[in-house]
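Engineer: Okay, here's the prediction I keep looking at, along with the sequence it came from:
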Amino acid sequence: MTEHLELRELAVLHALGVLEGEDETRFLAHVAEGCSECEAAVREARTVGDALAGAVPPVPPSREGRDRLLARVHADAAGREARREPGIPRWRPALGLAAGLALVALGGLSLRLALSVGEERERRISLEQTLAGERSARGEAEDARRVAEQELAAARDTLEVLTGAGARTLALAGTGPAGGASARAFVDPERGRLLLYVYDLPPAPPGRTYQVWVLVGDRPVSAGVFDVSPEGGTSYDAQEVDDLAPGVGVAVTIEPEGGVPAPTGPMVLVGS
Amino acid sequence: MTLRLATSAAAASDGELLGRIGAGDSSALGHLYDRHAGQALGVALRVLGSREDAEDVVQDVFWRLWTGRARYDPARGRFRGWFNAMARNRAIDVLRSGARRTSMRAEDPAALTIEEDGPEENAEAELHRRRVEAALATLPPELKELVELAFYRGLTHREIAQHIGQPLGTVKSRIHRSLGMLREALAPLGDTP
């Protein structure tokens, strides 16, 4: 059997999520080299998997389960709205102070961090101008103003994490096949927020995703999954992260789509 | 007005509902739940064999969708297929992590099929089910067993090799052959691209 035929077999097993150990590492390394044939084999096998899943008879979910989920979702939506609204009248002086502190702090940070803060500030100023213009213009569309306010609130939230007094900055270095990648994490234990700016990380192999882990001692706690752009960059905002503390480390691994409860795949970024 | 909005939401495509969920519209998640939770629960139950654990998995996948921790990419095919696959993968994660609340696991997952008066299945879904069953019926019993162990039981390829007492290489090539046969059996019927 040729090596590539065997890799095609591994592609099918990978698509079903049953590959493990050395075979999995070998297959992922092969796909990371850019084998379009194996990527196509994964896609084909996945369509069969989807067909198998779709052939299972549905089971009516319980009413209690639906109510429980939607109560949690509605509460979360209300919380998001509440976090946005009270900030609008008060944020300007607070933001000025935060931005000033940020400028002082910037000296010790990398160019990329400076760019991150700068981009957020420019975005804030731009949105502020948009908002002011829209407010003064007669007959403005209410929907546009609301969207601008929401974006402004989101930009403010981000800036608060970047410049918050309790925030910690971590530089993450690429490892293994992602040796050229880097990232910077901003950890805000008070708010349970983790912002991650990723650079030069190749897109995850088919059927895989990147998963962020907060390292509490030796125990990794999932902070969610993310994908990168074709150019290898992204910014990821994790909220309500459990066990976030000032001394935590942060790592990123390659995992099955949707994420896993504990890391299983190769580590691509790590920092502490 | 309310009635018209409700009708509009019920008729909205999955893509439209996902767009609204991304914008923080919690009611859109309710509509998506009513549309897809039954199938996702069926899949999770088939893997886990415990209704309680399967419901937890369904809750988890919808929560991930709401919080943006799971993101659907339309380039990867229809939402239904992606979502069912995610429910299956999460159920297998639970199975492998040993985090199930219930230890019960029936020997024959097919026996767990629950026939009850749930949401009416549409004709398309029923037709799809029959096509897949017909495709599975074309497999020799030993290959059908491999598909069962790999897809619905969540065993890794090494565990399967141990379970059936065959070399790892044999298991790999047989699973590959099984999926190829299923794909060929399904392709003329339009169930796979």
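Structural biologist: Now that the structure is in, tell me what you want to look at. Numbering: from 1, shown residues only, chains lettered A, B, ... in the order given.
Engineer: How far does the longest helix along chain B sit from its chain's centre?
Structural biologist: Among the segments of chain B that qualify as a helix by DSSP state H, the longest is helix B:26-48. Relative to its parent chain, helix B:26-48 has a centroid offset of 10 Å by CA atoms, centre = their mean, to the nearest Å.
Engineer: tell me which element the residue of the stretch 51-200 of chain A found nearest chain B falls in.
Structural biologist: For the stretch 51-200 of chain A and chain B, the shortest gap (CB to the nearest CB) falls at residue A:60, measuring 2.9 Å. For every residue, glycine as well, the C-beta is placed using N, CA and C. Secondary structure here is read from DSSP states H and E; on that basis residue A:60 sits in neither a helix nor a strand.
Engineer: With the one 10 residues further on instead?
Structural biologist: Residue A:70 is located in helix A:63-84, with elements delineated by DSSP H and E.
Engineer: tell me the mean pLDDT over that helix?
Structural biologist: Per-residue pLDDT over helix A:63-84 has a mean of 84.
Engineer: Quick check: which helices or strands does it pack against?
Structural biologist: Using 3 or more CB pairs under 8 Å, 6 or more residues apart in numbering or on different chains; DSSP states H and E as the contact criterion, the neighbours of helix A:63-84 among helices and strands are helix A:142-163, helix B:26-48, helix B:51-67.
Engineer: Show me where chain B dips below the pLDDT cut-off.
Structural biologist: Residue ranges of chain B with pLDDT under 70: B:1-10, B:75-76, B:98-122, B:188-193.
Engineer: Which residue would you name as the spatial centre of it?
Structural biologist: Taking CA atoms, centre = their mean, the centroid of chain B lies closest to residue B:84, which sits 3.3 Å from it.
Engineer: Tell me the spacing between that one and chain A.
Structural biologist: Using CB to the nearest CB, to the nearest Å, one gets 4 Å for the distance from residue B:84 to chain A.
Engineer: Likewise for residue B:90?
Structural biologist: In this structure, residue B:90 and chain A are 6 Å apart, going by CB to the nearest CB.
Engineer: Helix or strand next in line after the one helix or strand that residue maps to, which one?
Structural biologist: Assigning secondary structure by DSSP H and E places residue B:90 in helix B:79-97. Moving toward the C-terminus from helix B:79-97, the first helix or strand encountered (DSSP H and E) is helix B:123-137.
Engineer: Contacts for the helix or strand following that following helix next, please.
Structural biologist: Per DSSP H and E, the first helix or strand lying C-terminal to helix B:123-137 is helix B:141-147. Helix B:141-147 is contacted from outside by A:52, B:136, B:139, B:160, B:164, B:171, B:174-175, B:177-179, B:181-182, using CB atoms under 8 Å, 6 or more residues apart in numbering or on different chains.
Engineer: again, only using 6 Å
Structural biologist: By CB atoms under 6 Å, 6 or more residues apart in numbering or on different chains, the residues outside helix B:141-147 that reach it are B:136, B:174-175, B:178.
Engineer: Filter those down to the ones in helices?
Structural biologist: Short answer: these in helices (DSSP H) are B:136, B:174-175, B:178.
Engineer: Alpha carbons of the helix or strand harbouring residue A:196, as CSV, please.
Structural biologist: With elements taken from DSSP H and E, the one containing residue A:196 is strand A:193-199. Output of strand A:193-199 as CSV, limited to C-alpha atoms (Å, rounded to 0.1, in the frame of the first residue of the first chain):
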residue,chain,number,x,y,z
ARG,A,193,-12.8,38.3,30.0
LEU,A,194,-10.1,37.0,27.8
LEU,A,195,-9.1,38.8,24.6
LEU,A,196,-6.9,37.0,22.2
TYR,A,197,-5.2,38.6,19.1
VAL,A,198,-3.7,35.9,16.9
TYR,A,199,-1.2,36.4,14.1
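Engineer: quick one: strands adjacent to it?
Structural biologist: As defined by DSSP bridges, the strand partners of strand A:193-199 come to strand A:182-188 (antiparallel), strand A:234-238 (antiparallel).
Engineer: Identify each buried residue in the next helix or strand after that strand, please.
Structural biologist: Where DSSP H and E defines the elements, the next helix or strand beyond strand A:193-199 is strand A:208-216. Judged by neighbour count (16 or more other CB atoms under 10 Å in any protein chain shown), strand A:208-216 contains these buried residues: A:208-215.
Engineer: Can you give the strand pairings for strand A:208-216, parallel or anti for each?
Structural biologist: In the sheet, strand A:208-216 lines up against strand A:219-226 (antiparallel), strand A:249-256 (antiparallel) (DSSP bridges).
Engineer: Just name the most buried of the ones you listed.
Structural biologist: Comparing the strands paired with strand A:208-216 by mean neighbour count (mean count of other CB atoms under 10 Å in any protein chain shown), strand A:249-256 ranks first with a mean of 23.
Engineer: how about the CA coordinates for that one, as CSV?
Structural biologist: Once non-C-alpha atoms are left out, strand A:249-256 reads as follows in CSV (Å, rounded to 0.1, in the frame of the first residue of the first chain):
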residue,chain,number,x,y,z
GLY,A,249,-1.4,30.7,31.5
VAL,A,250,-3.1,30.5,28.1
ALA,A,251,-2.7,27.9,25.4
VAL,A,252,-4.3,27.0,22.1
THR,A,253,-4.6,23.5,20.7
ILE,A,254,-6.1,21.9,17.6
GLU,A,255,-9.3,20.0,18.5
PRO,A,256,-12.3,18.4,16.8
